[in-house]
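K.L.:
kindly return the folded structure for what I paste below:
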Amino acid sequence: MTASDTHRAIDAVWRIESPRLIAGLTRIVRDVGIAEELAQDALVAALEQWPESGVPDKPGAWLMATARHRAVDLVRRRETYARKLALLGHELQIEQQAPRDSLPVEDDIEDDLLRLVFTACHPVLSTEARVALTLRLLGGLKTDEIARAFLVAEPTVAQRIVRAKRSLAHAGVPFEVPQGDELGERLSSVLEVVYLIFNEGYAATAGDDWMRPALCEEALRLGRVLAGLMPKEPEVHGLVALMEIQASRSAARTGPCGEPVLLLDQDRARWDRLLIRRGLASLERAERLGGALGPYALQAAVAACHARARTAQETDWERIAALYATLAERMPSPVVELNRAVAVGMAYGPEAGLELVDALAGEPALAEYHLLPSVRGDLLVKLGRSEEARGEFVRAAALTRNERERALLLERAAACVSLP
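P.N.:
Predicted coordinates for the structure are as follows:
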């Protein structure tokens with residue numbers, strides 16, 4: 001194996017093993033920042049040693065053993081040796097003599113990983129910090145990769161991560177899975193972060209690309225991991241179902257030059273049937289666990305209506321409208337109401353849809369939301385009010401920060417000129 005092959009192998013191992021490595025170290029040192037530093041030290045050791053010695057048979061175990069030995073060395077170098085040694089506890093004293101390829105019990109690894117998920121997504125952090133820290137600790141992404149994905153300056157992302165780790169330490173956030181009533185609230189924060197990552201990949205808010213598939217894939221991976229760690233939580237399966245079904249359309253959502261292709265215009269033969277089957281299975285699992293009315297499960301049920309329709313004309317818009325009505329009751333939101341207006345317009349005619357859209361005109365949350373004028377423009381086109389529709393598409397184009405979407409909206413505005 002050449003040096004470049006070894007480096008590629010190390011990069012792959014790091015992406016796979018770093019979340020478990022950091023999780024296990026956090027349980028020992030009770031500090032996410034120190035745990036990540038120790039994990040990085042182990043990575044540096046691998047980069048130094050593996051090109052000569054070769055990749056070990058159990059690279060994850062090698063990294064964990066190396067990091068744990070570094071933890072002991074770190075403690076010994078500090079003046080607060082006694083206090084830190086007590087924190088590390090008897091476990092490390094035993095593990096100093098453990099073989100370098102020994103692994104913790106699998107259940108311990110999975111428990112640690114779940115604790116790390118809840119720590120990285122703790123509500124004490126801002127949403128941006130939770131997303132950045134989750135991608136760093138659980139996704140194994142480098143700071144520059146996160147910055148590129150979200151079109152943010154690299155120093156900004158680095159500061160978010162540093163401040164997030166500092167905030168967790170300052171707040172004394174325990175490295176544990178919340179119990180009782182707190183679990184539901186904290187779990188919703190975790191799911192929100194994963195879905196935010198997915199949505200940024202599925203429909204980028206800014207930049208030159210309509211989609212960023214790598215973020216979708218990362219969110220799907222995190223969702224699947226979470227479903228494995230919490231198999232009895234219906235909303236986890238609901239979110240996975242939603243992401244799987246939405247991701248199934250990815251190949252059909254862009255044209256040859258990367259331009260957006262809207263749902264009703266997509267070639268459904270290009271939809272990924274495997275992802276659809278996986279999504280429908282996850283949705284069935286969520287419903288079987290009693291979560292049919294959960295927000296993510298309801299949205300997944302909407303996505304399933306599209307997935308089951310062989311053509312756009314076969315879409316069950318009445319059921320979609322009913323699902324959005326239920327979602328609006330369970331999770332009131334102007335965005336949900338806007339989606340319901342679209343479904344109502346498709347099911348019962350554009351007049352009915354426009355009435356609901358116009359009722360949202362004064363919503364502060366939608367004042368800068370480009371999809372409000374975009375939806376209104378679409379309904380006005382169907383009603384033959386082309387001049388009004390053109391103005392709505394122009395307004396929507398001015399509000400979006402995504403260049404591909406802006407071009408599409410301006411094209412739709414131009415097309416209105418030729419309409420009767």
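
K.L.:
in the stretch 201-350 of the chain, which spans are helices?
P.N.:
Counting by DSSP state H, counting those that start in this stretch, the stretch 201-350 of the chain has helices at residues 213-229, 234-247, 273-288, 295-308, 317-330, 334-348, 350-358.

K.L.:
which strands or helices does whichever strand or helix holds A12 pack on?
P.N.:
Here A12 sits within helix 3-29, counting by DSSP states H and E. On a contact count with 3 or more Cβ pairs under 8 Å, 6 or more residues apart in numbering; DSSP states H and E, helix 3-29 meets helix 32-53, helix 59-77, helix 81-95, helix 106-120, helix 127-137. Where C-beta positions appear, they are placed from N, C-alpha and C, glycine not excepted.

K.L.:
and those, which one averages the lowest pLDDT?
P.N.:
For the helices and strands packed on helix 3-29, mean pLDDT drops lowest on helix 81-95, to a mean of 52.

K.L.:
tell me, how many residues neighbour Q299?
P.N.:
Using other Cβ atoms under 10 Å, Q299 has 23 other residues around it.

K.L.:
meant to ask about A396, not that
P.N.:
26.

K.L.:
list the residues that contact it.
P.N.:
Neighbouring residues of A396 by Cβ atoms under 8 Å, 6 or more residues apart in numbering: 370-374, 377, 409.

K.L.:
reformat the residues you listed as JSON lines; add pLDDT.
P.N.:
As requested, these are exported to JSON lines (pLDDT from 0 to 100):
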{"residue": "H370", "pLDDT": "96"}
{"residue": "L371", "pLDDT": "96"}
{"residue": "L372", "pLDDT": "97"}
{"residue": "P373", "pLDDT": "97"}
{"residue": "S374", "pLDDT": "97"}
{"residue": "G377", "pLDDT": "97"}
{"residue": "L409", "pLDDT": "97"}
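
K.L.:
of those residues, which pair is most distant in space?
P.N.:
Farthest pair in these (Cβ to Cβ) is L372 and L409. Separation: 12.4 Å.

K.L.:
now do the contacts for A147.
P.N.:
Counting by Cβ under 8 Å, 6+ apart, A147 touches 153-154, 156-157.

K.L.:
likewise for F175?
P.N.:
F175 makes contacts with 26-27, 30, 115-116, 119, as judged by Cβ under 8 Å, 6+ apart.

K.L.:
go again using 10 Å as the cut-off
P.N.:
23, 26-32, 35, 112, 115-116, 118-119, 168 (Cβ atoms under 10 Å, 6 or more residues apart in numbering).

K.L.:
and it, that's in a helix?
P.N.:
No: F175 is assigned coil when assessed by DSSP: H, G, I helix; E, B strand; the rest coil, not a helix.

K.L.:
shaky segments in the stretch 301-420 of the chain?
P.N.:
420 (pLDDT under 70).

K.L.:
coming back round to it: where do the contact lists of L372 and L409 overlap?
P.N.:
Counting by Cβ under 10 Å, 6+ apart, the residues touching both L372 and L409 are 392, 395-396, 399.

K.L.:
ok, so of the residues you listed, who is nearest L183?
P.N.:
Using Cβ to Cβ, the shared contacts of L372 and L409 come closest to L183 at L399, 38.0 Å.

K.L.:
nearest spatial neighbour of that closest one, chain-adjacent residues omitted?
P.N.:
Nearest residue to L399 in three dimensions, chain neighbours excluded: H370, at 3.7 Å (Cβ to Cβ, 6 or more residues apart in numbering).

K.L.:
I'd say the one you found and N402 touch.
P.N.:
Yes: at 8.8 Å, H370 and N402 qualify as touching, with contact defined as Cβ atoms under 10 Å.

K.L.:
now for these two: what residues contact both?
P.N.:
205, 409.

K.L.:
circling back to that earlier point, can I get the shared contacts of L372 and L409 in a markdown table with distance to G255?
P.N.:
Shown next, in a markdown table, are these (distance: Cβ to Cβ, whole Å):
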| residue | distance to G255 |
| --- | --- |
| E392 | 23 |
| R395 | 24 |
| A396 | 20 |
| L399 | 23 |
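
K.L.:
a markdown table for those, including distance to Y202 and secondary structure?
P.N.:
As requested, the shared contacts of L372 and L409 are arranged in a markdown table below (distance: Cβ to Cβ, whole Å; DSSP: H, G, I helix; E, B strand; the rest coil):
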| residue | distance to Y202 | secondary structure |
| --- | --- | --- |
| E392 | 24 | helix |
| R395 | 24 | helix |
| A396 | 19 | helix |
| L399 | 19 | helix |
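
K.L.:
out of those residues, who's nearest L226?
P.N.:
When these are compared against L226 (criterion: Cβ to Cβ), the nearest one is L399, at 33.4 Å.

K.L.:
that closest one against L372, yeah?
P.N.:
Yes: the pair L399 / L372 is scored as a contact, 8.6 Å apart, by Cβ under 10 Å.

K.L.:
more neighbours, these two?
P.N.:
Higher neighbour count among L399 and L372: L372, with 24 against 17, using other Cβ under 10 Å.

K.L.:
surely the more buried one touches L354?
P.N.:
No: with contact defined as Cβ under 10 Å, L372 does not reach L354; the gap is 12.0 Å.

K.L.:
shared neighbours of these two, anything?
P.N.:
A341.

K.L.:
picking up where we left off before, so which of the helices and strands packed on helix 3-29 is the most surrounded?
P.N.:
Comparing those by mean neighbour count (mean count of other Cβ atoms under 10 Å), helix 127-137 ranks first with a mean of 24.
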